[in-house]
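**Q** I'd like to go over a predicted model; first the sequence, then the structure.
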Amino acid sequence: MIGTIRKHSAWLWVVIIAVTIFSFIYWGSSRYDPSRSGKAYYGSIDGEPVSRDELTDAYRDWVSGSDRFGPVHSRLPRVDVGPPPWLRAA
């Protein structure tokens, strides 16, 4: 059996690669839905949707240590977190 696999390994690799590429194309394209790319959902507070600008402003206030959020008391050390993805591109 190992001899047979070794003897036919070239076309076996072609089949494996073709099946892999086809599966990536099939499942990758089925997840794309252009109708969903319209309005992004950033969450809600008390049933009111949060806009991208509100979330960005809140993040900037939080990073700057604004009084808007008040002091956060914790025994854990503060972890520096990079900006969210929508601010990295800006």
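**A** Yep, that arrived.
**Q** Send me the helix or strand of the chain with the lowest mean pLDDT as CSV with only the CA atoms.
**A** Ranked by mean pLDDT, DSSP states H and E, the helix or strand of the chain with the weakest confidence is helix 85-88, at a mean of 72. C-alpha atoms of helix 85-88 as CSV (Å, rounded to 0.1, in the frame of the first residue of the first chain):
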residue,chain,number,x,y,z
PRO,A,85,-9.6,48.1,13.8
TRP,A,86,-11.8,51.0,12.5
LEU,A,87,-9.3,53.4,14.0
ARG,A,88,-6.1,51.7,12.8
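**Q** Mind listing residues that contact that helix?
**A** Contacts of helix 85-88 with the rest of the structure, by CB atoms under 8 Å, 6 or more residues apart in numbering, involve Arg52, Thr56, Tyr59, Gly82. All C-beta spots, glycine's among them, are computed from the backbone N, C-alpha and C.
**Q** list the buried ones in the longest helix belonging to the chain?
**A** The residue-count maximum for a helix in the chain (DSSP state H) belongs to helix 9-30. Of the residues in helix 9-30, none count as buried by neighbour count, 16 or more other CB atoms under 10 Å.
**Q** neighbouring contacts of it?
**A** The contact list for helix 9-30 (CB under 8 Å, 6+ apart) reads Ile5.
**Q** ok so, going back, now a PyMOL select for only the buried ones of the contacts of helix 85-88.
**A** Provided next is the PyMOL selection string for whichever of these are buried by 16+ other CB under 10 Å:
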select buried, resi 56
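**Q** Identify the farthest-apart pair in the contacts of helix 85-88.
**A** For these, the farthest-apart pair by CB to CB is Arg52 and Gly82; their separation is 17.5 Å.
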